[in-house]
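J.: sharing a model prediction with you, sequence too.
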Amino acid sequence: MAGFVQLAAMTFSADRLTSRTLLDCSAAEQAAAMNRSFEQYIVPLRFEVASFQRRFRGEHLDAEASRLWYCGEELVGVVYISRRGHTSRVAAMGLVVEARGQGLGRPMLQTAITEARQRGDQNIMLEVFTNNAPAIRLYERLGFHITRTLSGFAAPAESAASAGPVAEKLVKADPAVVARHISRHGDEALPWMLAGETLAATTAPYVQAWQLADGKAFALLRPEADKTVLLSLVVPAELRRQGWGTRLLRALEAQYAGKPLLMPCLLPPGAGQEFLRACGWAQTALELHEMEQAL
């Protein structure tokens, strides 16, 4: 192992960094580079070409602004940039295992910041796990500051729905229609991944959309092999505080009984967190810092 580390130190150096934009890379190269750059990550990530495309199309990945980084012919890592309006977002930044801890992340990210400023973007943002202290230090040194902390939640193992029959009937909905409701009625300043602009790109069968039979509440969920992920639940503004959100959540708990039902760690402080707690959901361990800097 010691000999391997010495070899990596000789192979990877900041003064030898080169890059290619995604415009010059195949979809297979993009997905493979993402997988290699996130090996041994806090949360396991593994993409096939199709799942990579599904994940990033809604995030508005910018192929011209996103780069694969190399030393010689060896992959060093990736910096994938999403863009909307005057905002850039670091959608993914990672280094291959052999290149970590050698100071290469700083010039890679600085390039993205410089290019965003040159484009006339007004700010650049990212999310980072709160327990990833080295990454947070790097981002702070490059001018980012924490704006808020995003949390996840899990449905109780024995939910109210399991106690008896659920009165509310779920009706399948069009994910695009639900996304429009999120854009119209969702909380202001939703995180990038929960915004209506992102969720508008979701499609069946990878995401399932539901509404109550009378159309008074809507939800998007992503079924996975070992769990079901609640992406969003929204009630039109004029119908709030009438119990429709709770009724829909209980119906979803019954619909997806048998596997864990989770809200990913993307929910900001405020009404959404308060609602899930009131419904008996527990906050999960992982959290994300949302970080930003003005350009």
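T.: Arrived safely. Numbers count the residues shown, from 1 in each chain.
J.: if I look at the residue nearest the centre of the chain, how far off is residue 143?
T.: For the chain, residue 193 is the residue whose C-alpha lies nearest the centre (C-alpha atoms, centre = their mean; 5.0 Å). As for residue 193, its distance to residue 143 is 23 Å (criterion: C-beta to C-beta, to the nearest Å). Where C-beta positions appear, they are placed from N, C-alpha and C, glycine not excepted.
J.: dump the residue contacts of the closest residue in space to residue 31 that isn't next to it in sequence.
T.: In this structure, residue 31 finds its nearest non-sequential neighbour in residue 52, 3.9 Å apart by C-beta to C-beta, 6 or more residues apart in numbering. Residue 52 makes contacts with 27, 30, 31, 34, as judged by C-beta atoms under 8 Å, 6 or more residues apart in numbering.
J.: biggest helix in the chain by residues?
T.: Looking across the chain with DSSP state H, the single longest helix is helix 105-119.
J.: helices along the stretch 101-250 of the chain, start to end?
T.: Secondary structure of the stretch 101-250 of the chain, counting by DSSP state H, counting those that start in this stretch: helices at 105-119, 133-141, 175-185, 196-199, 244-255.
J.: can I get those in CSV with mean pLDDT, distance to residue 283 and mean neighbour count?
T.: Formatted as CSV, the helices of the stretch 101-250 of the chain follow (pLDDT from 0 to 100; distance: least, C-beta to C-beta, whole Å; neighbours: other C-beta atoms under 10 Å):
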stretch, mean pLDDT, distance to residue 283, mean neighbour count
helix 105-119, 98, 30, 16
helix 133-141, 96, 20, 15
helix 175-185, 96, 22, 19
helix 196-199, 97, 22, 20
helix 244-255, 95, 16, 21
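J.: as TSV, those with distance to residue 223 would be great.
T.: Shown next, in TSV, are the helices of the stretch 101-250 of the chain (distance: least, C-beta to C-beta, whole Å):
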stretch	distance to residue 223
helix 105-119	34
helix 133-141	30
helix 175-185	13
helix 196-199	16
helix 244-255	10
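J.: nearest to residue 42, of those helices?
T.: Closest to residue 42 of the helices of the stretch 101-250 of the chain, according to C-beta to C-beta: helix 133-141, at 9.8 Å.
J.: now do the closest one: distance to the chain's middle.
T.: Centre-to-centre, helix 133-141 and its host chain are 19 Å apart (C-alpha atoms, centre = their mean, to the nearest Å).
J.: again with stretch 16-31
T.: Using C-alpha atoms, centre = their mean, the offset of stretch 16-31 from its chain centre is 21 Å.
J.: residues of that stretch that come out buried?
T.: Buried positions in stretch 16-31, judged by neighbour count with 16 or more other C-beta atoms under 10 Å: 17, 19, 22, 25, 30, 31.
J.: let me see the contact set for the fourth one.
T.: Residues touching residue 25, when contacts are defined by C-beta under 8 Å, 6+ apart, comprise 33, 68.
J.: can you check the pLDDT for it?
T.: Looking at residue 25, its pLDDT reads 97.
J.: look up how far residue 53 lies from it.
T.: Distance from residue 25 to residue 53, by C-beta to C-beta: 13 Å.
J.: give the bridge partners for residue 80, please.
T.: Under the criterion DSSP bridges, residue 80 forms beta bridges with residue 92.
J.: wait, it touches residue 61, no?
T.: Yes - using C-beta atoms under 8 Å, residue 80 is in contact with residue 61, at 6.0 Å.
J.: neighbour count winner among these two?
T.: residue 80 (25 against 21; other C-beta atoms under 10 Å).
J.: for that one, what are its contacts?
T.: Here residue 80 is in contact with 22, 34, 56, 61, 66, 90, 91, 92, 93 (C-beta under 8 Å, 6+ apart).
J.: who wins for most neighbours among the residues you listed?
T.: When neighbours are counted by other C-beta under 10 Å, residue 66 leads those with 25 neighbours.
J.: what residues sit buried inside stretch 218-236?
T.: Of the residues in stretch 218-236, 218, 219, 220, 221, 228, 229, 230, 231, 232, 233, 234, 235 count as buried by neighbour count, 16+ other C-beta under 10 Å.
J.: may I have it as CSV, with CA atoms only?
T.: This file holds the C-alpha atoms of stretch 218-236, laid out as CSV (Å, rounded to 0.1, in the frame of the first residue of the first chain):
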residue,chain,number,x,y,z
PHE,A,218,-49.8,15.7,-5.0
ALA,A,219,-46.6,13.7,-4.6
LEU,A,220,-43.6,12.3,-6.5
LEU,A,221,-41.8,9.2,-5.4
ARG,A,222,-38.9,7.2,-6.8
PRO,A,223,-39.1,3.4,-6.1
GLU,A,224,-35.7,1.7,-5.6
ALA,A,225,-34.6,-1.8,-4.9
ASP,A,226,-34.3,-1.4,-1.2
LYS,A,227,-36.4,1.7,-0.4
THR,A,228,-38.8,4.2,-1.8
VAL,A,229,-37.7,7.9,-1.9
LEU,A,230,-40.3,10.6,-1.4
LEU,A,231,-39.2,13.5,-3.7
SER,A,232,-41.9,16.0,-3.0
LEU,A,233,-45.4,16.4,-1.5
VAL,A,234,-47.3,19.6,-2.3
VAL,A,235,-50.7,20.9,-1.4
PRO,A,236,-52.1,24.0,-3.3
